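Colleague: I'd like to go over a predicted model; first the sequence, then the structure.
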Amino acid sequence: MEVNGYTIEPGADLSGADLIGADLGVVDLSGADLSGALLGVADLTGANLEGANLVLANLSSAVLYRADLTGANLEGANLYMTNLAGADLDRANLSSAILYRADLTGANLKNALLEGARLSGSKADEDTTWPEGFGPVAAGVIFDD
């Protein structure tokens, strides 16, 4: 699959790619290098990003609804207002990631690395799973009633 001149496939080198607003729903980018990529407002609904490198990627306002981010490296990524509802972030590295006002309802963050992650104003629900010992309320997460 070709998008904005980039080949979208597992293991692709898309570091620094400009994919702002791209329709990437249900694509397979497992193991891809998306470090520093611009993915703001992109639609990645149901995408497979397992083990992808998203270090310092800009995913602001992107849709990652039900995306598989298992083991992905999102260190320092901008996830401001990103829809991560139902996403699988098990074992994902979210160290120093910006998750202000992100939608984490039903997301799986079990075993995720959240050291230094900024979660203030993010929303979650009783179906959101957290790493053992992590205090989402203390981190500024808002729970839906």
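Modeller: Okay, I see it. Residues are numbered from 1 along each chain as shown.
Colleague: alpha carbons only for contacts and neighbour counts from here, please
Modeller: Fine.
Colleague: would you confirm that Arg118 contacts Leu94?
Modeller: No. Arg118 is beyond contact range of Leu94, at 9.3 Å (criterion: C-alpha atoms under 8 Å).
Colleague: all strands for this protein, in order.
Modeller: 2-3, 6-7, 123-124, 142-143 (DSSP state E).
Colleague: can those go into CSV with extra columns for mean neighbour count and mean pLDDT?
Modeller: Compiled in CSV, these are given as follows (neighbours: other C-alpha atoms under 10 Å; pLDDT from 0 to 100):
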stretch, mean neighbour count, mean pLDDT
strand 2-3, 10, 92
strand 6-7, 13, 96
strand 123-124, 24, 97
strand 142-143, 18, 96
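Colleague: what's the closest of the ones you listed to Ser35?
Modeller: Of all the strands of the chain, strand 6-7 sits nearest to Ser35, with 14.4 Å by C-alpha to C-alpha.
Colleague: list the contacts of that closest one.
Modeller: Residues from elsewhere that reach strand 6-7 (C-alpha atoms under 8 Å, 6 or more residues apart in numbering): Met1, Leu14, Ala17.
Colleague: of those, grab the buried ones for ChimeraX.
Modeller: Selection of buried members from the contacts of strand 6-7 for ChimeraX, criterion 16 or more other C-alpha atoms under 10 Å:
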select :14,17
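Colleague: and the lowest-mean-pLDDT helix or strand in the chain, which strands flank it?
Modeller: Across the helices and strands of the chain, mean pLDDT, DSSP states H and E gives its lowest value to strand 2-3, namely a mean of 92. Applying DSSP bridges, strand 2-3 is found paired with strand 6-7 (antiparallel).
Colleague: from the middle of its chain, how far away would the partner strand be?
Modeller: A distance of 20 Å separates the centroid of the chain from that of strand 6-7, by C-alpha atoms, centre = their mean, to the nearest Å.
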